[in-house]
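Q: Provided below for reference: sequence and predicted model.
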Amino acid sequence: MSALVHLRNLSKTYTRGLQKVEVLHGIDLDIESGDFVALMGPSGSGKTTLLNLIGGLDGPTGGSITVGGERLDQLSENALARWRSSHVGFVFQFYNLLATLSARRNVELPLLLTRLSGAQRRQRADIALQLVGLADRAVHKPSELSGGQQQRVAIARAIVSDPELLVCDEPTGDLDRQSAAEVLTLLQQLNRDHGKTIIMVTHDPKAAEFARRVVYLDKGTLADNAQRPAA
């Protein structure tokens, strides 16, 4: 395996009024292609900030971010948006599905920015729904689906453009234990069987056990980037 994500001396500072708050400082981290990493740490440790930087949703104050050979910290906003659309899939805690659209149409949304025909978009959406075990729910709206099913639709949306990297922010934070285990097992399968590199923020040690490696953040600094969960 080779490093897909390469961070060096990464820092992020926010300005709140007259005060500057350094959220991340001096982060050095490599994540190999095909890895499944859980980001853990206390509230306010910078987990989501780090995830957003790796996913290209935000830019660093200092240091470098290289993902798939691309220096994200050197890209313009437009170039970064184009990069995100084809290289990263996002999964959030609260699904972010459009209530008026069917599961299939929700999954199709990232493909609207491509040159694919309507038939091609539907075909890809159906393949993604099949991968997450919801082929029979394609025409159902979010209100007709359980929380776990809605999150699986969100995962299908994240993988429909076949990105190499999935970034997941508390993907099971709003789910009961059984639904959470089903979603985490699905992420494991996408990692193991389809080669997706996954970075997942979680506060739940049980969820972290599904990852290959756990990276701990504490007060914006890596506490341990080599620990693996017990088998």
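A: Everything's here; your move. Treat the numbers as computed from the prediction; the structure is a model and nothing was measured.
Q: There's contact between Gly89 and Ser161 in this structure, I believe.
A: Yes - counting by Cβ atoms under 8 Å, Gly89 sits close enough to Ser161 to count as a contact (7.1 Å). Using the backbone N, CA and C atoms, a C-beta is placed for each residue, glycine as well.
Q: The two: who's more crowded?
A: Neighbours of Gly89 and Ser161, each counted by other Cβ atoms under 10 Å, are more numerous for Gly89; the result is 26 against 18.
Q: ok, how many other residues are close to the residue lying closest to that one once chain neighbours are set aside?
A: Leaving aside its sequence neighbours, Gly89 sits nearest to Ala158 (Cβ to Cβ, 6 or more residues apart in numbering; 3.1 Å). Ala158 has 25 neighbouring residues, counting by other Cβ under 10 Å.
Q: same thing with Gly173?
A: 16.
Q: quick one: contacts for it?
A: Going by Cβ atoms under 8 Å, 6 or more residues apart in numbering, Gly173 touches 93, 202-204.
Q: Which of those has the largest number of neighbours?
A: In these, the most neighbours by other Cβ under 10 Å go to Thr202, 24 neighbours.
Q: pretty sure that one is touching Gly41, no?
A: No - look at Thr202 against Gly41 with Cβ under 8 Å: they stay out of range, at 10.0 Å.
Q: and which of the contacts of Gly173 is nearest to Gly34?
A: Thr202 (19.5 Å; Cβ to Cβ).
Q: which residues in the protein form helices?
A: Using DSSP state H, the helices of the chain run over 47-54, 77-87, 103-108, 118-131, 147-159, 177-194, 205-208.
Q: who's in contact with the most centrally placed residue in the chain?
A: Nearest to the mean C-alpha position of the chain, by Cα atoms, centre = their mean, lies Val167 at 1.3 Å. When contacts are counted by Cβ under 8 Å, 6+ apart, Val167 touches 51, 54-55, 88-91, 198-200.
Q: For my notes, please list those residues in a markdown table and give pLDDT and distance to Gln150 for each entry.
A: Output for the contacts of Val167, formatted as a markdown table (pLDDT from 0 to 100; distance: Cβ to Cβ, whole Å):
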| residue | pLDDT | distance to Gln150 |
| --- | --- | --- |
| Leu51 | 93 | 21 |
| Ile54 | 94 | 25 |
| Gly55 | 93 | 21 |
| Val88 | 93 | 21 |
| Gly89 | 92 | 16 |
| Phe90 | 92 | 15 |
| Val91 | 91 | 11 |
| Ile198 | 96 | 19 |
| Ile199 | 96 | 21 |
| Met200 | 95 | 18 |
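Q: Among the residues you listed, which are located in strands?
A: With strands taken from DSSP state E, the overlap with these comprises 88-91, 198-200.
Q: I'd like those residues written out as JSON lines, with distance to Ala211 added.
A: Formatted as JSON lines, these follow (distance: Cβ to Cβ, whole Å):
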{"residue": "Val88", "distance to Ala211": "18"}
{"residue": "Gly89", "distance to Ala211": "17"}
{"residue": "Phe90", "distance to Ala211": "18"}
{"residue": "Val91", "distance to Ala211": "14"}
{"residue": "Ile198", "distance to Ala211": "8"}
{"residue": "Ile199", "distance to Ala211": "9"}
{"residue": "Met200", "distance to Ala211": "6"}
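Q: Alright, calling it a day.
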